[in-house]
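Enquirer: coordinates for the following, if possible.
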Amino acid sequence: MSESERMTLDTIEQQEELTAIAQPEASNGLARATSVLALGNIVSRILGLVREIVMTNLFGASAATAAFNVATVVPKGLYDLLIGGHVNGAIIPVLSEVVTVKGKDELWRLVSILLSLMTTLMFALVLLIEFAAPLVVRIVGGGLDTSTQALAVSLLRLTSPALIFMALFAILSGTLYALRVFTWPAFATAVFNATIVIIMLFFAPPPELKPTWTNGGIDWVLARPASGISVAAVGWLVGAMAYFMLQLPGLRGAKLRFTFNWRHPALGQISLLYLPVMFSLVMDTLIIRPFSYNLASRTGNNSIAYMNLATTLIQFPQGLVATAISIAILPTLSRQAALIATAAVAEENTRAFKDTLGLGMRLAITLILPATIGLFTLATPIVALLFRHGAFTSADTFVTADALRLYLFGLPFAAIDLLLVYAFYARQDTLTPALVGLLSLCVYMVIALALLGRYGLFSLMIADSAKHIVHALTSAYLLHRRLKGLGGQRLLLTIGKTGFAAAVMGLVMALALPLLSSTIGTEGLLAEMVLVLVMGGIGGGLFVILAVALNIEEWRWISTLIKSKMPRRSTP
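Expert: Purely as a prediction, here's the structure:
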């Protein structure tokens, strides 16, 4: 070994020793932060589901609901495109560097510039949306009838000012993360959803008895006037204000001021970091979402509501399994990817990178397969329990359940795909996922258009599942080539064992569901709740028994991890 190689190796060993010394403290801090963020994520998703439940109970899968969805998809889409999504990946590292190297005074100067710049840009954008609202609605919801489009225009003019407060929230939450303050940003979305729920419950107009025409004649139902949906739009705006205001207690002592001096070297650094992920966000926000909403609106006024409700249910297992695991392993993958560049330990850390990614994939498989099959089997009872009340009818329930089942075909692939994308990001490669995303987008649009005439709304769910399958398989192939194999991660064994256990679980649940439904009944909130809880308990318990019997290693690892995190009783 040469002297230079020996010195490099000594330096690496010293760095690893220092890392090992600091690791317990860093791990404890990471565990605390992760716990807070995970709890905030769970509460936010639950309240988001409550928001959808209240919406469907008050207004059903109606044209008014479709108008509201069109009016909110625009500010939400622009937020995700311009300031949400992955933008924290550009803001947080720069703000962290500034506060560490130059101190808080320089941090407040940079944050003041960001807040001033973002306020000015968002104010101009809101004015543009207010002026062009009819055109925007025609682009997004062109298939809606004239009266529904007119309602969507008025709702969009109510919801668009929320963009200003959402932008300010993005800057302030990024600042708090850089300062390692996690609680206020973690629960912001929960407050946003809770505000909308409260305003809808307190200010929604009372229902009126209205005639509806059916095959059997005229039927009278209780329904709220379409204009009443404006309370949800007001809730969206007030919720965005609360979203922003919640961050202020965490910034006590901050020296912030409005300024028109927008020159700072860190602004260019933030822009360069953000550019690689901008393309993916553009595809999702400006192409996929408007395209999907436009096609859905052409299959009926209620179709957008069905699509959104099914998507809401899909986000639970996707967010709580795939996202949680991906975020958990990303720091380790990034460290190992950085060490691969060092020749002395490249082989060792390449193996470690593969092992970390393999573990994440096996854990995702072990959790997402039973969740997918369980949700597929209980789709109708779950949709009925959550949404079939008030103005949401039984017919709406069956359509939403069918849409959910079609989405579920792509869920396991979407979960694995997220881990693969994070593996590319860890290797500082954001171009490959963007190009794969472009390919999957083309697949989605072609399939949706080809099947629209035959399957209507359901063509979008079929196309979405195909999109995830193509994206996951393509990403897996490219990453496998880059890493020259995954080094025997036993993925097929895990898929086989978990798939068998989940399939048996699903079969038993499918056979037991009609028997239990006839015994308990399917009408009434209590019966619906008991049915879902009992069936969920049967399915979950059976899967655990099969996982233990089949010796699924990942399930044993999960069980051990949960036990290790449980508080232990101290001994005197």
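Enquirer: low-confidence ranges, the stretch 301-450 of the chain, go.
Expert: Applying pLDDT under 70 to the stretch 301-450 of the chain flags the ranges 319-349, 390-391, 426-428.
Enquirer: what about residue 524, neighbour count?
Expert: Counted with other CB atoms under 10 Å, residues neighbouring residue 524 total 11. C-beta: built from backbone N, CA, C; applies to glycine.
Enquirer: so which elements touch the one helix or strand residue 497 maps to?
Expert: Element membership for residue 497, per DSSP states H and E: helix 491-520. Secondary-structure packing of helix 491-520 (3 or more CB pairs under 8 Å, 6 or more residues apart in numbering; DSSP states H and E): helix 346-377, helix 525-549, helix 553-565.
Enquirer: most tightly packed of these?
Expert: Ranked by mean neighbour count under mean count of other CB atoms under 10 Å, those are led by helix 346-377, which reaches a mean of 21.
Enquirer: next secondary structure after that one?
Expert: helix 379-387.
Enquirer: buried residues, whichever helix or strand comes after that following helix. List them.
Expert: For helix 379-387, the following helix or strand on the C-terminal side (DSSP H and E) is helix 394-408. Applying a neighbour-count criterion of 16 or more other CB atoms under 10 Å, one finds 396-397, 399-408 buried in helix 394-408.
Enquirer: tell me the confidence at residue 21?
Expert: As predicted, residue 21 sits at a pLDDT of 35.
Enquirer: residue 481: which element?
Expert: helix 458-483.
Enquirer: tell me the one of the buried residues of helix 394-408 nearest residue 313?
Expert: residue 404 (5.6 Å; CB to CB).
Enquirer: going along the chain, name the strands of this protein.
Expert: All strands of the chain, identified by DSSP state E, fall at 208-214, 217-223.
Enquirer: so what touches stretch 46-53?
Expert: Outside of stretch 46-53, the residues within contact range by CB atoms under 8 Å, 6 or more residues apart in numbering are 189-190, 193-194, 196-197, 200, 308-309, 312, 316, 386-387, 389.
Enquirer: ok, stretch 104-116 next?
Expert: By CB under 8 Å, 6+ apart, the residues outside stretch 104-116 that reach it are 91, 94-95, 98-99, 168, 171-172, 175, 178, 254-262, 264, 266-267.
Enquirer: let's see it at 10 Å
Expert: Stretch 104-116 is contacted by residues 91, 94-100, 102, 167-168, 170-172, 174-175, 178-179, 251, 253-267, 270 when judged by CB atoms under 10 Å, 6 or more residues apart in numbering.
Enquirer: can you list phi and psi of residue 253 for me?
Expert: phi 90, psi 0 (degrees, to the nearest 10).
Enquirer: would you mind measuring from it to residue 180?
Expert: As for residue 253, its distance to residue 180 is 15 Å (criterion: CB to CB, to the nearest Å).
Enquirer: between the two, who's got more neighbours?
Expert: Per other CB under 10 Å, whichever of residue 253 and residue 180 has more neighbours is residue 180, with 11 against 6.
Enquirer: show me what contacts the nearest residue to residue 43 once chain neighbours are set aside?
Expert: Closest residue to residue 43 apart from its sequence neighbours, by CB to CB, 6 or more residues apart in numbering: residue 190 at 4.5 Å. Going by CB under 10 Å, 6+ apart, residue 190 touches 39-48, 243, 246.
Enquirer: make it 6 Å
Expert: By CB atoms under 6 Å, 6 or more residues apart in numbering, the residues touching residue 190 are 43-44, 47.
Enquirer: cool, and residue 486?
Expert: Residue 486 neighbours (CB under 6 Å, 6+ apart): 354, 358.
Enquirer: circling back: averaged pLDDT, the helix holding residue 481. What do you get?
Expert: Here the average pLDDT along helix 458-483 is 91.
Enquirer: relative to helix 346-377, how tilted is that helix?
Expert: 160 degrees (axes from the mean of the first three to the mean of the last three CA atoms, to 10 degrees).
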